[in-house]
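Chemist: Sequence and predicted structure below; questions after.
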Amino acid sequence: MSHFCGPLKHGPMTTQKYYLKPLFTLTVCYLMLTCFSACTSGGNKKKVDVSAIQVKLRTIRFDQELFACDTNNLEASINALGDKYPDFASVYFKEITGFARTGDNKVFLNSLRHFLTYKDFKGLYDTVQKKFPNVDGINKELVSLFKHVRYYYPDEKLGTVYYFISGLNSWSAVTVDTALAIGLDMYLGKDYPFYASVQLPEYEVQHCEPEFIPVNASKVIYENRYPFQPDGKTLLDMMIMKGKQLIFEEYTLPKTKDELLIGYSPKQLEWCQENEALIWNYFSTQKLLFATDWQDILRYVNDGPSSTGMPPESPGNIGSWIGWQIVRKYMDAHPEKTLQDILNDTSDSQTFLRESGYRPR
């Protein structure tokens, strides 16, 4: 179970160096066309009218209600909170904090009391309240996200949002049945000093900015509708799966820049665009596209400081970025298909790739 973000239902090396050469031979015209294509692919399709879609937003500051519990009468106080929010409270205490995993009520209450009274956790709570005295701005962005999701999926029952504190356990966003939950302590800014103390990797710390809240929310909504089933999958399978997720993000957050959607810096995104053909050639010549070994796969479809076998300036998750370009190309090649048609497409990855006409040069 991912501790970064993902859906929750209530009730995986060999080192090989392969350096990509800078594309000194690219012409200025080609660079401009590549950038224009990447920035405008599907642009007209993304401009949809969601003004008539109604979203009844219900937000719960679970963090505030939890820390308002009476620690002198904790059992009764926490039972009342659990009765008020039974589905989320169950997930929060069992999965997000882990306090209730032992089944021992005394251990649970002692762990919870420590969480609510220990100075470091109280300091974390105070920092969250200072950073997020209200969540009005976040709510506005989430309403827009929900409207776009419901434009494509009218059956999606979105509207309830819980805000919580994980204790820096790296839970940034999660779905619980039809509710969305956001871990505010994972968005205190990349300069928040205590991320380093819990050994959060630097590339993840860069994503601890509030601007990533809608992005991570879109990710987990997608994963809730299209659960990843990685067993037996090839790298190409996973690339296209991740590419579809990024397309979902792109269409449900149509005003969000590409670098934010995938978690790159502008410089990293530019590197990918300039080296796209050589990245694809690397995957092909190293016979990685049909690899099924998790050690060969995960390093290219998960976040990381860089991509194995490529220069230090390469970003991690580069297989997902290539998958995104494949899906974009497929959409361009099949304008008659809707977003839902493409995301629901169960064609094998080789067929999908062939029908996309993806051949970077």
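Modeler: Good, I have the coordinates. Numbering: from 1, shown residues only.
Chemist: Roughly how far does Phe67 sit from Ile165?
Modeler: Applying CB to CB, to the nearest Å, the value for Phe67 to Ile165 is 8 Å. Quick note: C-beta positions are derived from backbone N, CA and C, even for glycine.
Chemist: what do the two both touch?
Modeler: Counting by CB atoms under 8 Å, 6 or more residues apart in numbering, the contacts common to Phe67 and Ile165 are Tyr125.
Chemist: Give me the more crowded residue out of the two.
Modeler: Ile165 (26 against 19; other CB atoms under 10 Å).
Chemist: quick one: contacts for that one?
Modeler: Asp63, Leu66, Leu124, Tyr125, Val128, Gly183, Leu184, Asp185.
Chemist: got it, and Ile221?
Modeler: Leu145, Val149, Glu156, Leu158, Thr175, Leu180, Thr252.
Chemist: what's the most distant pair in these?
Modeler: Thr175 and Thr252 (14.0 Å; CB to CB).
Chemist: Comparing those two, which residue is more hemmed in?
Modeler: Neighbours of Thr175 and Thr252, each counted by other CB under 10 Å, are more numerous for Thr252; the result is 26 against 23.
Chemist: need the contact list for that one.
Modeler: Thr252 touches Leu145, His148, Val149, Tyr152, Ser218, Ile221, counting by CB under 8 Å, 6+ apart.
Chemist: Against Lys56, how distant is it?
Modeler: Per CB to CB, Thr252 is found 18 Å from Lys56.
Chemist: ok, now Tyr300?
Modeler: For Tyr300 relative to Lys56 (CB to CB), the value is 41 Å.
Chemist: Same question for Val327.
Modeler: 32 Å.
Chemist: related to what we said a few turns ago, with respect to Leu343, which of the contacts of Thr252 is nearest?
Modeler: Nearest member of these to Leu343, counting by CB to CB, is Tyr152, at 8.6 Å.
Chemist: What does the pLDDT read for that closest one?
Modeler: On the pLDDT scale, Tyr152 is placed at 97.
Chemist: can you tell me which residues contact the residue nearest to it when sequence neighbours are not counted?
Modeler: Closest residue to Tyr152 apart from its sequence neighbours, by CB to CB, 6 or more residues apart in numbering: Leu339 at 5.5 Å. Listed by CB under 8 Å, 6+ apart, the contact partners of Leu339 are Lys45, Tyr152, Ile247, Phe248, Tyr251.
Chemist: Kindly recompute the last result at 10 Å.
Modeler: Listed by CB atoms under 10 Å, 6 or more residues apart in numbering, the contact set of Leu339 reads 42, 45-46, 48, 151-153, 244, 247-248, 250-252, 331.
Chemist: which among those end up buried?
Modeler: Among the contacts of Leu339, those buried by neighbour count (16 or more other CB atoms under 10 Å) are Gly42, Lys46, Tyr151, Tyr153, Lys244, Ile247, Phe248, Glu250, Tyr251, Thr252, Met331.
Chemist: pLDDT averaged over stretch 196-209, what's the number?
Modeler: Stretch 196-209 comes out at a mean pLDDT of 94.
Chemist: hey, C-alpha coordinates of stretch 254-265 in PDB?
Modeler: Extracted in PDB, the C-alpha atoms of stretch 254-265 (Å, rounded to 0.1, in the frame of the first residue of the first chain):
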ATOM      1  CA  PRO A 254      -6.800  21.800 -17.600                       C
ATOM      2  CA  LYS A 255      -5.100  25.000 -16.400                       C
ATOM      3  CA  THR A 256      -2.200  23.200 -14.600                       C
ATOM      4  CA  LYS A 257       1.200  23.200 -16.200                       C
ATOM      5  CA  ASP A 258       2.800  19.900 -17.400                       C
ATOM      6  CA  GLU A 259       5.700  20.100 -15.000                       C
ATOM      7  CA  LEU A 260       3.400  20.400 -12.000                       C
ATOM      8  CA  LEU A 261       1.200  17.500 -13.200                       C
ATOM      9  CA  ILE A 262       4.200  15.100 -13.300                       C
ATOM     10  CA  GLY A 263       6.200  16.800 -10.500                       C
ATOM     11  CA  TYR A 264       9.200  18.100 -12.600                       C
ATOM     12  CA  SER A 265      11.000  21.300 -12.500                       C
END
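Chemist: Show me which residues of that stretch are buried.
Modeler: Pro254, Thr256, Asp258, Glu259, Leu260, Leu261, Ile262, Gly263, Tyr264.
Chemist: With adjacent residues omitted, what lies nearest to the last one?
Modeler: Closest residue to Tyr264 apart from its sequence neighbours, by CB to CB, 6+ apart: Pro315 at 5.2 Å.
Chemist: next one: the fourth one
Modeler: In space, and not counting its chain neighbours, Glu259 is closest to Leu269: 4.5 Å by CB to CB, 6+ apart.
Chemist: who's in contact with the one you found?
Modeler: Cys35, Ala38, Lys257, Asp258, Glu259, Leu260, Leu261, Ile262, Pro315, Trp321.
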